[in-house]
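Trainee: Give the three-dimensional model of this entry:
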Amino acid sequence: MNRTARFIVIIAVLILGPVIATTPAMAVDPHDQALGDLPASTASEKGRLQPALPVEGATQAPAIEEVRGVYSLLRGNKPVEPGDFDSPHIAGIVVRSQWKAIEPKEDDYRWDYFDHAIEEAKKAGKTVMLSVMPGAMTPEWVYEKGAKRFHFKSPGPRGEGGEHSMPIPWDEVFLKEWTDFIRAFGRRYAHEPSVVFVAMAGGASTSVEMHLPKSPDGIKKLEEAGYTKEHLVASWKKAIDAWAAAFPNQGLGLPAAVPLRRDGALEAIMDYAVAKLGRRVYLATGSLSEKTNLSDPMIQKIREYADRAGIGFQMLSSATRGGGEGGQRDYSMRSGSGGGMGSKSGTKKGGMGGGGKGREGRPGGGGFSQHIEDLRAAFEIGIKAGASWIQVYQEDIKNPSHEDDIRYLSERLKKG
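Mentor: Model (predicted):
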């Protein structure tokens, strides 16, 4: 560059520099930026930013506070009352319902039950775990839209027998409508700080656990409907993806159980959930008792993930005797009034946590109901297995004779 050219450039900089420096940048609407320029998995419907969900195969999920403590397990659809929070030893409550009760007609959502429970919990300074059951509690309109219905029989908790129906777990109509519900559920409660945990339900029968009907008739009908490990695993992956996206701020429970047979389906589903969600997922079983054996294959399998995922338990049953179902395993979800994470794997050996002597009493393949004889011993086993939370039946929480045991459990869980 010759001397004349340099002189022209210097003059231009002196004249135009201040103009350029004081020219305002183009304004960008923060809402448009949040929803348009960021990865889709990080934007909510109203522009509030959420932690990005990990891509498939990732081993680290968004950091959220660990779910820890004793949770009072309410009967399904039981109205929540201020007295439910009287115990100083509980972190919160478990509130459960069924899909057909929440969405009896398509897009007609009845959130009142959950709304009321959450408001009462907030007044008491407690947190909430939520659970909604599809399976045998799928609303009729889903079948009217074309979901394939699967009929099965079960012996029932006391051998009285029962007729049930549920969608084929890998049916595309069912999966579409169920994941649509999960998204609506998330829109309602994902940003509620008091909701700290949601159970991830998928294609199961009479509880939110993975159990499918394991009677000879049930197995035969499922095979005729096209059962394969691959079909079942793919259906659970779709459900897990929907739960992960709908509830980015909560711990998510995978209610583990052998679905139909030991063909690797359970392991594949657990692997996927842990890879996608990391420590945001809690591998959970509903069979904790004083007879639970830490060497049980299911417990050992869950503990293999202890460095990558959380662990939780639901008690097999109540220790409180007398008074209707007070001392019984909660089987009533199958008639629309109870439910939870189920009990056993459907084998004569008993369940996911051992401790079962009974027959296949549960609809869909579970164990016969038992009383808990020694709460403290059961709690010790849960703690040794690595649990950060344990769901205890409300009858036991409210029973003065069990207060010392509940206090002990609360203190142990707080210590970690």
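
Trainee: okay, CA-based contacts and neighbour counts for the rest of this
Mentor: Fine.

Trainee: buried ones in the host helix or strand of H164?
Mentor: Element membership for H164, per DSSP states H and E: strand 162-167. By neighbour count on 16 or more other Cα atoms under 10 Å, the buried set for strand 162-167 is 164-167.

Trainee: And the average pLDDT for the helix or strand encompassing K238 is what?
Mentor: Assigned by DSSP H and E, K238 falls within helix 229-246. Regarding helix 229-246, the rounded mean pLDDT is 98.

Trainee: Now do it: distance to the chain's middle.
Mentor: 13 Å (Cα atoms, centre = their mean, to the nearest Å).

Trainee: One more: stretch 172-185?
Mentor: Distance, centroid of stretch 172-185 to centroid of chain: 15 Å (Cα atoms, centre = their mean).

Trainee: Could you give the number of residues near P400?
Mentor: 11 (other Cα atoms under 10 Å).

Trainee: actually I383, not the one I wrote
Mentor: Neighbour tally, I383, other Cα under 10 Å: 19.

Trainee: Would you agree it falls within a helix?
Mentor: Yes - the assignment for I383 by DSSP: H, G, I helix; E, B strand; the rest coil puts it in a helix.

Trainee: any idea how far it is from P88?
Mentor: I383 is 20 Å from P88, where distance means Cα to Cα, to the nearest Å.

Trainee: Could you list the residues in contact with the strand holding H164?
Mentor: 135-138, 143, 147-156, 174, 203, 205, 363 (Cα atoms under 8 Å, 6 or more residues apart in numbering).

Trainee: Check which element follows it along the chain.
Mentor: Heading C-terminal from strand 162-167 (DSSP H and E), you reach helix 172-189.

Trainee: secondary structure class for K276?
Mentor: Applying three-state DSSP: K276 is helix.

Trainee: Give the burial count for it, as a bare number.
Mentor: 24.

Trainee: same question, the one 5 residues further on
Mentor: Residues contacting V281 under the criterion other Cα under 10 Å number 28.

Trainee: How about the contacts made by it?
Mentor: 251-254, 273-274, 309-310.

Trainee: if we go to 6 Å?
Mentor: By Cα atoms under 6 Å, 6 or more residues apart in numbering, the contact set of V281 is 251-253, 309-310.

Trainee: ok, so of those residues, who is nearest S410?
Mentor: G310 (17.3 Å; Cα to Cα).

Trainee: picking that back up, would you reformat the contacts of V281 as JSON lines and include distance to P79 and neighbour count?
Mentor: Shown next, in JSON lines, are the contacts of V281 (distance: Cα to Cα, whole Å; neighbours: other Cα atoms under 10 Å):
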{"residue": "G251", "distance to P79": "24", "neighbour count": "24"}
{"residue": "L252", "distance to P79": "24", "neighbour count": "28"}
{"residue": "G253", "distance to P79": "23", "neighbour count": "26"}
{"residue": "A309", "distance to P79": "32", "neighbour count": "21"}
{"residue": "G310", "distance to P79": "29", "neighbour count": "27"}
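
Trainee: Mind checking which of those are in strands?
Mentor: 251-253, 310 (DSSP state E).

Trainee: what would these look like in TSV with pLDDT and distance to V281?
Mentor: As requested, the ones in strands among the contacts of V281 are arranged in TSV below (pLDDT from 0 to 100; distance: Cα to Cα, whole Å):
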residue	pLDDT	distance to V281
G251	98	6
L252	98	5
G253	98	6
G310	97	6
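
Trainee: ok, so of these, who is nearest S72?
Mentor: Looking across these and measuring by Cα to Cα, the closest to S72 is G253, at 16.1 Å.

Trainee: so how far is V196 from that closest one?
Mentor: Taking Cα to Cα, one finds G253 at 11 Å from V196.

Trainee: Could you do S154 as well?
Mentor: Counting by Cα to Cα, the gap from S154 to V196 is 34 Å.

Trainee: do the same with R262
Mentor: 32 Å.

Trainee: Between the two, which is the more surrounded one?
Mentor: Between R262 and V196, counted using other Cα under 10 Å, the more crowded position is V196 (23 against 10).

Trainee: And for the residue lying closest to that one once chain neighbours are set aside, the neighbour number?
Mentor: Counting by Cα to Cα, 6 or more residues apart in numbering, V196 lies nearest to Q250, which is 5.0 Å off, once chain neighbours are set aside. A count of nearby residues for Q250, using other Cα under 10 Å, gives 27.

Trainee: doesn't F197 make contact with Q250?
Mentor: Yes - contact criterion Cα atoms under 6 Å: Q250 and F197 qualify, at 5.2 Å.

Trainee: in the stretch 151-300 of the chain, what spans have low per-residue confidence?
Mentor: By pLDDT under 70, the weakly predicted segments of the stretch 151-300 of the chain are 155-161.
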